[in-house]
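In: Predicted coordinates and the sequence they were generated for:
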Amino acid sequence: MAEVHHATVIFSGHVQGVGFRFTTRQVAQEYEVAGYVQNLADGRVRLEAEGAEAEVEAFLGAVEERMHGHIRKVERATARRAPVFRGFEIR
């Protein structure tokens with residue numbers, strides 16, 4: 001199977017209890033991406049997304065734009081790998 005662009009993004013700030021995961025899942029429906037979004041125990045939010053590089057990057061930009069007032073810091077790592085996700089879910 002072909003490799004896809006994969007991004008792991010950790011959002012810090014006031015990102016829990018503000019609809020961040022729900023909004024992220026809604027935004028994901030507008031792009032051809034797969035993965036998940038989840039709250040972390042330390043108050044941050046983790047997002048895993050994969051797909052074509054342009055789609056993943058556009059998706060991440062849209063999430064950051066929609067939630068900009070809540071995000072204080074973004075940590076991002078990217079790689080190319082075989083796809084592992086189907087659909088996009090809240091965990």
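Out: Everything's here; your move. Residues are numbered from 1 along each chain as shown.
In: how many other residues sit next to residue 49?
Out: Here the number of neighbours of residue 49 (other Cβ atoms under 10 Å) works out to 27. Using the backbone N, CA and C atoms, a C-beta is placed for each residue, glycine as well.
In: centroid residue for the protein?
Out: For the chain, residue 47 is the residue whose C-alpha lies nearest the centre (Cα atoms, centre = their mean; 3.5 Å).
In: Tell me if that residue really is in a helix.
Out: No: under DSSP: H, G, I helix; E, B strand; the rest coil, residue 47 sits outside any helix and is assigned strand.
In: That one pairs with what?
Out: Residue 47 has these beta-bridge partners by DSSP bridges: residue 9, residue 37.
In: Same question for residue 89.
Out: residue 36.
In: residues touching it, list them.
Out: Contacts for residue 89 (Cβ atoms under 8 Å, 6 or more residues apart in numbering) come out as 25, 36-37.
In: any idea how far it lies from residue 21?
Out: Counting by Cβ to Cβ, to the nearest Å, the gap from residue 89 to residue 21 is 10 Å.
In: Now the common contact residues for these two.
Out: When contacts are counted by Cβ under 8 Å, 6+ apart, residue 89 and residue 21 are jointly contacted by residue 37.
In: buried residues in the top helix by length along the chain?
Out: Using DSSP state H, we find that the single longest helix of the chain is helix 53-66. Residues 55-60, 62-63, 66 are the ones in helix 53-66 that count as buried (16 or more other Cβ atoms under 10 Å).
In: and if you look at stretch 8-15?
Out: Neighbour-count burial for stretch 8-15 flags 9-13, 15 (criterion: 16+ other Cβ under 10 Å).
In: picking up where we left off before, would you list the buried residues of helix 53-66 in a markdown table and tack on pLDDT and distance to residue 80?
Out: A markdown table is the format used below for the buried residues of helix 53-66 (pLDDT from 0 to 100; distance: Cβ to Cβ, whole Å):
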| residue | pLDDT | distance to residue 80 |
| --- | --- | --- |
| 55 | 97 | 14 |
| 56 | 98 | 11 |
| 57 | 97 | 13 |
| 58 | 98 | 17 |
| 59 | 98 | 17 |
| 60 | 98 | 16 |
| 62 | 98 | 22 |
| 63 | 98 | 21 |
| 66 | 96 | 27 |
